[in-house]
Structures are given as C-alpha cells and as structure tokens.
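Undergrad: let me see the structure of the following:
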Amino acid sequence: MTQAAGTHPAAFTLNDVMQAPFPSYLLAAPTGAAVAWVFDAKGCSNIWVADPSHGAKARQITPYTEDDGFDIGELAWSPDTKSIAFTRGQSLEDETPANVNNSPKGPMPKEVWVVATAGGVPHKVGAGDSPSFSPDGSRLLFVDKKRIQTVAASGDGDAQPLLIDQGTVDSLLVQPDDDSVVPFQQAAELIEGLRSHNIDHDVIMIPNEIHDMARYSSWMMLFNAADVYFDRHLDKRSAPAP
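TA: Reported below is the predicted structural model:
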C-alpha cells in the first residue's frame, strides 16, 4: 500500500501511545528535598528518585526489566532518606494476579522490599504490604496476614509481631512524634486507659493519612464504623431490663 500524495505519515503510532511511560505513587521525602515515584514503562514498574545529591536529576533506583505482571507501590521513605520501602505484587488492590499466565499455581502473596536511594539490588523483607518506618528510623513495620510485623530498618533478620492480640488489622498507621494536633503519647495513653478500664472501643487505623483523611472512602469507612458502634451501644441502653 502506497502513501497518497499530499498526505503525511502519522506523528506516532498506537504502539507509541500504549508504551508511553506514566508515573504513580508520587511521594515527597520527609525532609521535603527529594521526591520518589513509580514509573511504568511498557508494563515494567520501577522506582525513580530526584534529590539534591544528583542535582535533582531523576534516576531509576530499582533494576526491574521485564513486563512480568508485577506492580510496585505503597512507597515509604526512611527518615534519613537513605532507603525506600515498597510493596511489590501481582496486584496491590487485591489478591488477583494481573496475568494468570505468570502465576499458573494461583496468586502469589504481596511482598515488602527495601532499596537504597543510592541504587543497588533491592532487599526482600518478606510477605506483606503497607510498609512504614518508625519515626526514629530504626525499625520497619508492615502488615502480614492481618498482623503488624516489625524488623530492622534494613529489612535484615526475622520479622517479629509488634502486637500480640486476638484482633486483626488490615492497614497500618505510624503516627510521627511531631504531630502537632494529636501527640503520639496522648493517643497511646487514651487507648491504654480504655483497655485498662475494660471500656469497649474500636481502633481504626488508616494508612498514609496521618491526621486529616484525604480520601472519601476513608471518611465513609469512619462514618460507617461510628454508626455500627453507636447502634451497638444504644441498643444495649434501650434494651428492656430482664
């Protein structure tokens, strides 16, 4: 097929459109002097960083090269900005693999990894998600099988449960010591007081939303939980005496 006279070749093809890289999970460093994000290019996800040490020039710090159906997200800076923890899995939204051909035996668990912002080989911490560093940077916390786990900030060693309880958690919130609205110690003392007096209470933890919740879904979850809580207790008060 020849090109008609007077026509021009397409500026770009459908393949050009489909393989265009796109960023996600943009996250500023605690110091505010650096930023990290996930770049997806041709189906391959990697973490990129821009900071003053390299003249704010963006650079890739993870070495993934294949379109293997695995996604990267839930980035967390260490307080000293020397490391980034992240979750890698076939799907970060649920347990369904993006491509069943990559996992014929079924979905694989999400995993928590740590990589140095200077670059290098990422270190696998273990199965889990929702990583977050402690405020002093000495520990890495994450969720695995609905339990909060803690391990050395480097990810080395065996993870240990942070809490031994009969309940479960679906997400994790680490409150910084410098929260000027609700100091960590004040929140901890309130929860301990309720427990010590055997007062029924619900603890709700929401990831990545420190004081003011930003997402509509988080507000709705809180409102629904409050509605259930008040219904439970108001029903007890209004119940007729035996």
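Undergrad: ok but residue 224 is inside a helix, no?
TA: Yes: applying DSSP: H, G, I helix; E, B strand; the rest coil, one finds residue 224 inside a helix.
Undergrad: distance of it from residue 202?
TA: Look at residue 224 and residue 202: by CB to CB, to the nearest Å, they are 11 Å apart. The C-beta positions use only the backbone N, C-alpha and C, and glycine is treated the same way.
Undergrad: part of a helix, is residue 227?
TA: Yes: for residue 227, which was evaluated using three-state DSSP, the result is membership in a helix.
Undergrad: state the distance from it to residue 65.
TA: Separation of residue 227 from residue 65 (CB to CB): 49 Å.
Undergrad: also residue 83?
TA: When residue 83 is compared with residue 65 (using CB to CB), they lie 22 Å apart.
Undergrad: and what of residue 23?
TA: Summarising the geometry, the distance separating residue 23 from residue 65, computed by CB to CB, is 18 Å.
Undergrad: how about residue 162?
TA: With distances defined as CB to CB, the gap from residue 162 to residue 65 amounts to 35 Å.
Undergrad: neighbour-wise, which of those two wins?
TA: More neighbours sit around residue 162 than around the other of residue 162 and residue 65, counting by other CB atoms under 10 Å; the figures are 17 against 9.
Undergrad: quick one, what contacts that one?
TA: Residue 162 makes contact with 141, 148-150, according to CB atoms under 8 Å, 6 or more residues apart in numbering.
Undergrad: which strands and helices sit next to the helix or strand where residue 140 lies?
TA: For residue 140, the host element (DSSP states H and E) is strand 139-144. The elements that strand 139-144 packs onto, with contact taken as 3 or more CB pairs under 8 Å, 6 or more residues apart in numbering; DSSP states H and E, are strand 111-116, strand 123-127, strand 129-133, strand 147-152.
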